[in-house]
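Enquirer: Sequence and predicted structure below; questions after.
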Amino acid sequence: MNKTIPIVAAPAAAPSTALDGDGMGCHAGGEKMLAAAKASGKSEVLAQYAKDYPLDPKAGPHDQPQSMCPAFGSLRVGLRMRRTATILSGSACCVYGLTFTSHFYGARRSVGYVPFNSESLVTGKLFEDIREAVYNEADPAKYDAIVIINLCVPTASGVPLQLLPKDINGVRIIGIDVPGFGVPTHAEAKDVLAGAMLKYAREEIMAGPVQAPRTGRSDKPTIALIGEMFPADPVIIGRMLEPMGLAAGPVVPTREWRELYAALDCVAVAAIHPFYTASIREFESAGRPIVGSAPVGHDGTEAWLQAIGNAANVPQAKIDMVKNIMLGAIKGALAKMPIKGRITLSGYEGSELLVARLLVESGADLRYVGTACPRTAWSEPDRDWLLAHGVHVQYRASLEQDLAAMHEWQPDLAIGTTPVVQAAKELSIPSLYFTNLISARPLMGPAGAGSLATVINAAIGNKDRFAAMKDFFGDTGSGHAAGVWESAHGEPQERPEFKAETRRLLEKQAKKRKAEAMV
């Protein structure tokens, strides 16, 4: 068996042109910080982000996704990897929030932090401090890699992580910029680090022999999987691939550095989450074909098995055999666990379209699916299928769009992010949080076919309980009486005269501004 991983050399990148801008602190808006970053030597990386993770250039402040700080995605990837240290460079308040969130989601190791002040930022001392911190941490007995993440202010100020050594004492150094004004969502920030690591690993492979995976190299051709997913899903996918003579490869983002080599050592790549643009670019540079969508539901599984089989040059007879085994089991599971009710769906994890397909095939009356992620070539099969089944697909969905869909369709169940769930419950609409209650379940193959029905049907069944509570409490705690009130202060009273006076003052102020503008 060939002991080398064949890699096709990547074409040289075209040079970028720097743009002018102003330096600003973290109090500045996104546009000013973006201009400052470009003026500070970050034009090339920001131009690549704009290409990889596009936003509508005409979008206003509400015409874009509202998710947590994007840097959390990169931080999460680093913290989940063995023998990897992660260091943040950014404002203290941002670092506090990110470390709190990471530990809330189960991080079991410390997050490094290089503090700064105005002087160290302006004089370049911050970069020297980062360099010193990296050298102090670079212990090959403890780490395979150290990740340094520039947040908004260091990125806008042009802190040049690219000038750090590529390795120190055999420990790889990965420096990335993940500003909120350049990377739209935390889901895409996962790709920023995963792509940077794949690029580094691919260059190592091209330079010579590399370390074998912890479990050894597979004796079957593998399919690398892109996107964080429920732990059972890669196992289920592996069982579907086995009769075709294939095996499931590592999931990118990986859990260990050496898994990156195994991921690149594949015959094809399944872009389960289709927005990992930088990671896909590295696989394509290595000469690996990419297959979009995933084996969800009957139609999705049939199309995906065919596409994977074609990409891996599997004989049609083997592909048909696997289809016959899997599709019957999926149909049976869908028929056994139907979903009845109107649903709106939204989220920012990247698997929203896959969940939407599964809901439709389960019998749900799905009217809207919103995802914070962008439209890509690898999400087209899912988009086309959903549109053909009457579902409105909204990429780069904002909170306002998700709420508007809920108000328009008046669903029996709203699945979405925290603010969507909160708004739905205020309207007595049963709701489920997408991240914890939907995406944390198997979606693939026969196991995924019936996994959502129990929780969704139970939630829809709570409609009468919401109505009973609404009837009992009435308008208590809403409108002018919202919030917590002490009994000693009496019940809150509606004061229409105060509202009228405030309205009069605002109108007067608006007329004054208009008059001044005309002068």
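Expert: Received the coordinates, thanks. Since the model is a prediction, treat every value here as computed from it, not as a measurement.
Enquirer: how about the most centrally placed residue in the chain, what does it touch?
Expert: Central residue of the chain (CA atoms, centre = their mean): A187, 1.6 Å from the mean position. For A187, the contact set (CB atoms under 8 Å, 6 or more residues apart in numbering) comprises S67, G73, H273, F275, Y348, E349, G350, A372, C373. Just so you know, the C-beta spots here come from the backbone N, C-alpha and C atoms, and that holds for glycine as well.
Enquirer: in which helix or strand would I find it?
Expert: Element membership for A187, per DSSP states H and E: helix 186-207.
Enquirer: And that helix, what's buried?
Expert: By 16 or more other CB atoms under 10 Å, the buried positions in helix 186-207 come out as 186-202, 204-205.
Enquirer: from the chain's centre, how far out does that helix sit?
Expert: 16 Å (CA atoms, centre = their mean, to the nearest Å).
Enquirer: for stretch 48-58, same thing?
Expert: With CA atoms, centre = their mean, you get 15 Å for stretch 48-58.
Enquirer: What of stretch 308-317?
Expert: With CA atoms, centre = their mean, you get 30 Å for stretch 308-317.
Enquirer: what's around E501, how many residues?
Expert: 11 (other CB atoms under 10 Å).
Enquirer: swap in Y96?
Expert: Counted with other CB under 10 Å, Y96 comes out at 11.
Enquirer: Let's see the helix or strand hosting it as CSV, backbone CA atoms only.
Expert: Per DSSP H and E, Y96 falls inside helix 92-104. Taking C-alpha atoms only, helix 92-104 is exported to CSV below (Å, rounded to 0.1, in the frame of the first residue of the first chain):
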residue,chain,number,x,y,z
ALA,A,92,-9.9,42.4,28.6
CYS,A,93,-13.7,42.6,28.6
CYS,A,94,-13.8,40.5,25.4
VAL,A,95,-11.4,37.9,26.8
TYR,A,96,-13.5,37.6,29.9
GLY,A,97,-16.6,37.0,27.9
LEU,A,98,-15.0,34.5,25.7
THR,A,99,-13.4,32.5,28.5
PHE,A,100,-16.6,32.5,30.4
THR,A,101,-18.5,31.2,27.4
SER,A,102,-15.9,28.6,26.6
HIS,A,103,-16.0,27.2,30.2
PHE,A,104,-19.8,27.3,30.1
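Enquirer: Could I get the buried residue list for that helix?
Expert: Buried residues in helix 92-104 (16+ other CB under 10 Å): C94, V95, G97, L98, T99, T101, S102.
Enquirer: helices and strands around it, which ones?
Expert: helix 71-79, strand 84-89, strand 112-113 (3 or more CB pairs under 8 Å, 6 or more residues apart in numbering; DSSP states H and E).
Enquirer: Of these, which is nearest Q306?
Expert: helix 71-79 (31.3 Å; CB to CB).
Enquirer: can you give me the angle the closest one makes with helix 186-207?
Expert: 40 degrees (axes from the mean of the first three to the mean of the last three CA atoms, to 10 degrees).
Enquirer: So which elements touch helix 71-79?
Expert: strand 84-89, helix 92-104, strand 145-150, helix 186-207.
Enquirer: Now the two most distant members of the contacts of A187.
Expert: S67 and H273 (14.8 Å).
Enquirer: just the strands in the chain please.
Expert: 84-89, 112-113, 145-150, 167-168, 171-177, 222-226, 247-252, 268-270, 290-291, 342-347, 365-371, 392-394, 413-416, 431-433 (DSSP state E).
Enquirer: out of the ones you listed, which comes closest to A47?
Expert: strand 171-177 (12.2 Å).
Enquirer: how big is the angle separating that closest one from strand 145-150?
Expert: 20 degrees.
Enquirer: what's near enough to touch P430?
Expert: With CB under 8 Å, 6+ apart, P430 has these contacts: D412, L413, A414, A424, A459, I460, N462, K463, F466.
Enquirer: Skipping adjacent residues, who's closest to F230 in space?
Expert: Leaving out its chain neighbours, the residue that sits closest to F230 by CB to CB, 6 or more residues apart in numbering is P442, at 5.0 Å.
Enquirer: burial of that neighbour, as a residue count?
Expert: By other CB under 10 Å, the residues close to P442 number 19.
Enquirer: how close does it sit to A449?
Expert: 9 Å (CB to CB, to the nearest Å).
Enquirer: follow-up on the earlier one: which one, of the strands of the chain, ends up nearest to A329?
Expert: strand 247-252 (18.2 Å).
Enquirer: quick one: contacts of the closest one?
Expert: Contacts of strand 247-252 (CB under 8 Å, 6+ apart): 194, 198, 213, 218, 220-229, 234-235, 237-238, 241, 259-260, 262-263, 265-266, 276, 279.
Enquirer: Okay, and which of those map to helices?
Expert: A194, L198, P234, V235, I237, G238, L241, E259, L260, A262, A263, S279 (DSSP state H).
Enquirer: Which one of those is nearest to E497?
Expert: A194 (59.0 Å).
Enquirer: wait, isn't that closest one in contact with S279?
Expert: Yes: with contact defined as CB atoms under 8 Å, A194 reaches S279; the gap is 4.9 Å.
Enquirer: just to revisit the earlier point, can the contacts of P430 go into CSV with extra columns for pLDDT and neighbour count?
Expert: Shown next, in CSV, are those (pLDDT from 0 to 100; neighbours: other CB atoms under 10 Å):
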residue, pLDDT, neighbour count
D412, 96, 20
L413, 96, 24
A414, 97, 29
A424, 93, 24
A459, 92, 19
I460, 93, 19
N462, 85, 14
K463, 81, 15
F466, 78, 16
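Enquirer: so which of those residues comes closest to K511?
Expert: Among these, A424 lies closest to K511 (CB to CB), at 38.8 Å.
Enquirer: which residues touch the closest one?
Expert: M406, A414, G416, P430, S431.
Enquirer: Report the separation between the nearest residue to the second one once chain neighbours are set aside and L358.
Expert: Distances taken as CB to CB, 6+ apart put A424 closest to A414, at 3.9 Å, once the chain neighbours are dropped. Counting by CB to CB, the gap between A424 and L358 amounts to 21 Å.
Enquirer: likewise D233?
Expert: For D233, the distance to L358 - CB to CB - is 12 Å.
Enquirer: contacting residues for the residue lying closest to F275 once chain neighbours are set aside?
Expert: Distance criterion CB to CB, 6+ apart; nearest residue to F275, sequence neighbours excluded, is C373 at 4.3 Å. By CB under 8 Å, 6+ apart, the contact set of C373 is 65, 185, 187-188, 273-275, 348, 350, 352, 379, 395-396.
Enquirer: one more time with 7 Å
Expert: Going by CB atoms under 7 Å, 6 or more residues apart in numbering, C373 touches T185, A187, E188, F275, G350, Y395.
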